[in-house]
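Peer 1: what's the 3D shape of this:
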Amino acid sequence: MSDPFIGEIQIYGFNFAPYNWAMCQGQLMPIQQNTALFSLLGTTFGGNGTSNYQLPNYIGNAACGQGAGPGLTPRVMGETFGSDSVTLLLNQMPAHTHGARIYNQPTSANRSGIPASGDAVITPESVTILAVTTTTNTTFPVQTIGITGNSQPHENQQPYLTLNFCISLAGTFPQRP
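Peer 2: Below you'll find the predicted structure:
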């Protein structure tokens, strides 16, 4: 393997950082211990810039390229964004209905207390729970189907495979064009 560039990040499928590499876990590094890497990273990922700087933190995060593509939000180096869960609001859901139909079974011999395949939902003859209507085979009133969801957040994570991001602490210093 050729010498890596200082600050190069690679993904490894084992649970340790190779020699002269460090895990990208957001740890603070003393500037005096690695001035070459500090000259490349600065305080992009954190640190006070006088005695320490911070490595990128990929724990629970996904990598994203910097810049802006067509129709995408511009992203800068070191920026963190997104969330682990999202609560959908009513104005974020497309307009739709959950229509329900009820059919009266006029033949009492065909009515049953336990629905079987092909049965229809019907109202008991002696109880009026729906809006009064003279039309048979009609839709339920709007209030029959209520709001659901309780505004609870749901997970918003892409599928993932756990690997370790490591950054090179030594190697060739990258030349600027």
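
Peer 1: drop to CA atoms for contacts and neighbour counts, all remaining ones
Peer 2: Noted.

Peer 1: any stretches of the chain with poor pLDDT?
Peer 2: For the chain, the stretches flagged by pLDDT under 70 are 1, 97-106, 110-150.

Peer 1: enumerate every residue touching the residue most central in space within it.
Peer 2: Centroid-nearest residue in the chain: residue 156, 2.4 Å away (criterion: C-alpha atoms, centre = their mean). Neighbouring residues of residue 156 by C-alpha atoms under 8 Å, 6 or more residues apart in numbering: 83-86.

Peer 1: same list (the residues you listed) but as CSV, adding secondary structure.
Peer 2: Listed next are the contacts of residue 156 as CSV, based on DSSP: H, G, I helix; E, B strand; the rest coil:
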residue, secondary structure
83, coil
84, coil
85, strand
86, strand
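
Peer 1: by neighbour count, which of these wins?
Peer 2: When neighbours are counted by other C-alpha atoms under 10 Å, residue 86 leads the contacts of residue 156 with 14 neighbours.

Peer 1: what's around the residue lying closest to it once chain neighbours are set aside, how many residues?
Peer 2: Counting by C-alpha to C-alpha, 6 or more residues apart in numbering, residue 86 lies nearest to residue 153, which is 5.0 Å off, once chain neighbours are set aside. Using other C-alpha under 10 Å, the number of residues around residue 153 comes to 12.

Peer 1: for residue 153, give its distance to residue 9.
Peer 2: With the distance defined as C-alpha to C-alpha, to the nearest Å, residue 153 ends up 33 Å from residue 9.

Peer 1: strands along this protein, start to end?
Peer 2: Using DSSP state E, the strands found in the chain span residues 9-12, 21-23, 28-30, 52-54, 85-86, 101-102, 138-139, 154-155, 164-168.

Peer 1: what does the first one contact?
Peer 2: Counting by C-alpha under 8 Å, 6+ apart, the neighbours of strand 9-12 from elsewhere in the structure are 163-168.
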